[in-house]
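# Predicted model and sequence below, questions to follow.
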Protein chains: 2
Amino acid sequence: MEEVSRGRIPEAVAIVAKREGIKPAKLTKLVSAGRVVIPMNARREIRPLGIGEFLTTKVNVNIGTSKAFESSESENGKAQAAVEAGSDTIMDLSTGGDLDLIRRNLLAALKVPIGTVPIYQAAINGDLSSERMFNALENQAKDGVDFVTIHVGVNKNSLERLKYSPRIMGIVSRGGSLTMKYIVETDQENPYYDEFDYVLEIAKEHELTLSLGDGLRPGCIEDASDRAKYMEFIMLGELVQKARQAGVQTMVEGPGHMPANDIETSVRAIKHLTDGAPLYLLGPLVTDIAPGYDHITAAIGGVIAGMAGADFLCATTPSEHLDLPTREDVIEGTYVTRIAAHAADLNKMGVKKRAREWDLEMAKARVDLDWERQFRAAINQRLARQIRHRRGVEIDTCTMCSDLCAIRIGRELVKK
Amino acid sequence: MEEVSRGRIPEAVAIVAKREGIKPAKLTKLVSAGRVVIPMNARREIRPLGIGEFLTTKVNVNIGTSKAFESSESENGKAQAAVEAGSDTIMDLSTGGDLDLIRRNLLAALKVPIGTVPIYQAAINGDLSSERMFNALENQAKDGVDFVTIHVGVNKNSLERLKYSPRIMGIVSRGGSLTMKYIVETDQENPYYDEFDYVLEIAKEHELTLSLGDGLRPGCIEDASDRAKYMEFIMLGELVQKARQAGVQTMVEGPGHMPANDIETSVRAIKHLTDGAPLYLLGPLVTDIAPGYDHITAAIGGVIAGMAGADFLCATTPSEHLDLPTREDVIEGTYVTRIAAHAADLNKMGVKKRAREWDLEMAKARVDLDWERQFRAAINQRLARQIRHRRGVEIDTCTMCSDLCAIRIGRELVKK
């Protein structure tokens, strides 16, 4: 961000501009205005990725151990599978086992931007303290992490608002609840908020991108869009401004569970309050009643949010609310979230035209009844082939319509 | 509809009113204005179901043989499974085997409204003719079918508009393409359109509800929202008006493949042009590139359409565009479409309040970490149980967060 604001176009911007089909000068402006971020630690050699306005909607996939399942290998395998399925970034949310080892393995194995949540490491080996929080942040930055979530919107001010908000579920963010616990138990302010300048120093030194966390995200439909949440948006907006002044790249994170009708307003409000900072969406899940299908409830919310301006979708898996995801869950979540991102892109300014070429290719393959070409245009080629061929019936149409295929009837009429 | 317009509240209206928590007098008005339909053949003994304004969004599931797979038993099994998974209605789209037998078996087995598409039966045993089309319609009505799709919007006028519309895929509706073939080859008008009065006579005699088919629905993103489609809306609107004058209950069907941003406009336009007739949605699928996931691309479109006024969602399965659905596909499509309908209901006038009670129950069960209650509140209880217990780890939180569970941290703070 600093290089850019001095008028030089760094190599990363040039690469992203080419990848996205946007003019480098325009992208340079967007990066220096903070409307686009390119998360890339000073130590990391990765393919640069842009997130924000006029760029395609990106997808993050979370992996990570928990106390119940501590295997570094299996989380590494999930991360690799997610990248193969097309995830743009990976977040390591590990909270079990040797966190340093898990993180370093991931950083060594993957060439996509990697994010973490330092407060987890600060919390799992004892009581939270300012020192432990900053140690975790600094160590992870040194290791080469490209972006970190810090829950700076959870502070004395927003918790005061939360107190007057008649929520059913309170705080459902892990990092948010740990921060609240610290504030309540010590009567101290959230260290990352209180010493945000120190956060910025660390971020600057390591060229770390900040993702200002959504600690007060609603955990159910009933809790959506309350005053506490808007208070958090306001806090995050102030900190985005500070970070930009310091030359630190910053995203903000958005909610949560939310009725579909509220999403557009919510996304537009966050964009207003944070001056168009790239918006990283968790969900939004449009209903609470579908455990086992929350990759889908999130995809629904993701498309609506994407149309309203969200830039970056966090994949949800079928295991959400139930269990640590399996490798298969991670793959399914990745594809479904990519579908949501693409469906949003079909309507996104600056992106729409190129995004629609993909659908056009599929449409042309379909009208030609050219199955091989349809498979190649499918987001999950293997799945499409498997469904078509599972019964071993080989006809030129599909077995749903057989010779009553509308496309074939149309083609034969044209021939006459 | 006739009974209602004479000021009497038939039993069916009373039952639906109770089921939906709406005043019988209000529902009576909605039915007589044609804003709500209660599809129920004069011969059928079923639980009455209302579709339209101020009522919960309903879900239809299609089943049916094709030339490649003709088994009546397996389609019957799929229909039963769909009803068990919560489908409100079933459409029999069979085009292979003994169609009369398949339909009669379904009518005997199921106590939900059943719909058919008579033109399929008219077409599969030879060349289409006016006589064959009306025979099929009348025989199916006599058998007790509750609603039928007739593609009356495909006629000389709309085909003329289609000619000037630069579509990639032309017509992708089976019934639409058969109708077009008849018109092009014989130079005769579509019999159902030309003799719509005769259609109305049959409908009236058997208390058959008409679903005015979406024969020109776009088959790809590129073809969405063109002039031909709007021409069809206009045609359907005129016929809705005629049907209402004749006292015949009528729905209209909507498109198809459509970018997410177009859906609200399209739904509102159909509602305007058809004077608020109950809208039965096929999809809309918000991208073309996801074969294997089209239950999801349709669910995304379904929620957006539902918020804009769609009343009735047709389930799409993971097999769409690839193969005749299996029983598992039908079940999956049913649940996912029900999720879309419910997510829409959380925002629907007259329905919202009751719909949110379900989500509230889940939220309360979650905050109590009461797993049994969460399962009971889950739309697919069996799936939720299976995911939670698949690894045999039994802890009070879920294995994703283990003791870093935000909800538990919050609860413990409250206790202090």
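Alright, I've got the coordinates. What you see is a predicted model, and the numbers here were worked out from it, not measured in a lab. Residues are numbered from 1 along each chain as shown, chains lettered A, B, ... in the order given.

# Flag every residue of the stretch 151-300 of chain A that's near chain B.
Residues of the stretch 151-300 of chain A found near chain B (CB under 8 Å from any CB of the partner chain) are A:168-174, A:176-178, A:180-181, A:184-185, A:219-223, A:259-261, A:286-293, A:296-297, A:299-300. Heads up, the C-betas are built off the backbone N, CA and C, glycines and all.

# Could you tell me which of the residues you listed count as buried?
A:168-174, A:176-178, A:180-181, A:219-223, A:259-261, A:286-293, A:296-297, A:299-300 (16 or more other CB atoms under 10 Å in any protein chain shown).

# element containing the residue of the stretch 251-400 of chain A found nearest chain B, please.
Distances from the stretch 251-400 of chain A to chain B, computed as CB to the nearest CB, single out A:Ala363 as the nearest residue at 3.4 Å. Element membership for A:Ala363 (DSSP states H and E) is helix A:352-367.

# tell me which residues of that helix are tucked away?
A:355-356, A:358-367.

# what's the next helix or strand after that helix packed up against?
Next helix or strand after helix A:352-367 toward the C-terminus (DSSP H and E): helix A:371-377. Counting contacts by 3 or more CB pairs under 8 Å, 6 or more residues apart in numbering or on different chains; DSSP states H and E, helix A:371-377 packs against helix A:352-367, helix A:381-389.

# Dump those into TSV; add distance to B:Ala341 and mean pLDDT as well.
Output for the helices and strands packed on helix A:371-377, formatted as TSV (distance: least, CB to CB, whole Å; pLDDT from 0 to 100):
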stretch	distance to B:Ala341	mean pLDDT
helix A:352-367	26	97
helix A:381-389	24	95
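
# Of those helices, give the one that comes closest to A:Ala108.
helix A:381-389 (27.6 Å; CB to CB).

# Pull the distance from that closest one to the chain's centre.
Taking CA atoms, centre = their mean, to the nearest Å, the mean C-alpha location of helix A:381-389 is offset from the chain mean by 28 Å.

# Can you tell me what sits against that helix?
With contact meaning CB atoms under 8 Å, 6 or more residues apart in numbering or on different chains, helix A:381-389 is reached by A:335, A:371, A:374-375, A:378, A:398, B:291-293, B:318-319, B:322-323.

# 6 Å - rerun?
Here helix A:381-389 makes contact (CB atoms under 6 Å, 6 or more residues apart in numbering or on different chains) with A:375, A:378, B:291-292, B:319, B:322-323.

# now the stretch 301-416 of chain A, which segments are flagged as low pLDDT?
By pLDDT under 70, the low-scoring segments of the stretch 301-416 of chain A are A:415-416.

# ugh, wrong one, chain A
Within chain A, the ranges that satisfy pLDDT under 70 run A:1-9, A:415-416.

# Show me the domain layout of it.
A:34-350, A:353-415 (automatic domain parsing).

# Can you give me the buried ones in the helix or strand where A:Val240 lies?
Using DSSP H and E, A:Val240 sits within helix A:227-245. Neighbour-count burial for helix A:227-245, counted by 16+ other CB under 10 Å, picks out A:228-237, A:239-240, A:243-244.

# With stretch A:189-201 instead?
For stretch A:189-201, a neighbour-count test (16+ other CB under 10 Å) marks A:190-193, A:196, A:199-200 as buried.

# List just the nearest of those to chain B.
A:Asn190 (14.9 Å).

# For A:Ile234, see how far away that closest one is.
With distances taken as CB to CB, to the nearest Å, A:Asn190 is found 15 Å from A:Ile234.

# and if you look at A:Gln374?
As judged by CB to CB, A:Gln374 and A:Ile234 stand 48 Å apart.

# Check A:Gly126 too.
Here A:Gly126 is placed at a distance of 33 Å from A:Ile234 (CB to CB).

# ditto for A:Ala341
According to CB to CB, A:Ala341 and A:Ile234 sit 28 Å apart.

# Repeat that for A:Pro39.
Separation of A:Pro39 from A:Ile234 (CB to CB): 24 Å.

# Equivalent analysis for A:Asn105, please.
The value you get for A:Asn105 to A:Ile234, if CB to CB is used, is 39 Å.

# Let me see the contact set for A:Thr95.
Residues in contact with A:Thr95 (CB under 6 Å, 6+ apart) are A:66, A:120, A:124, B:404.
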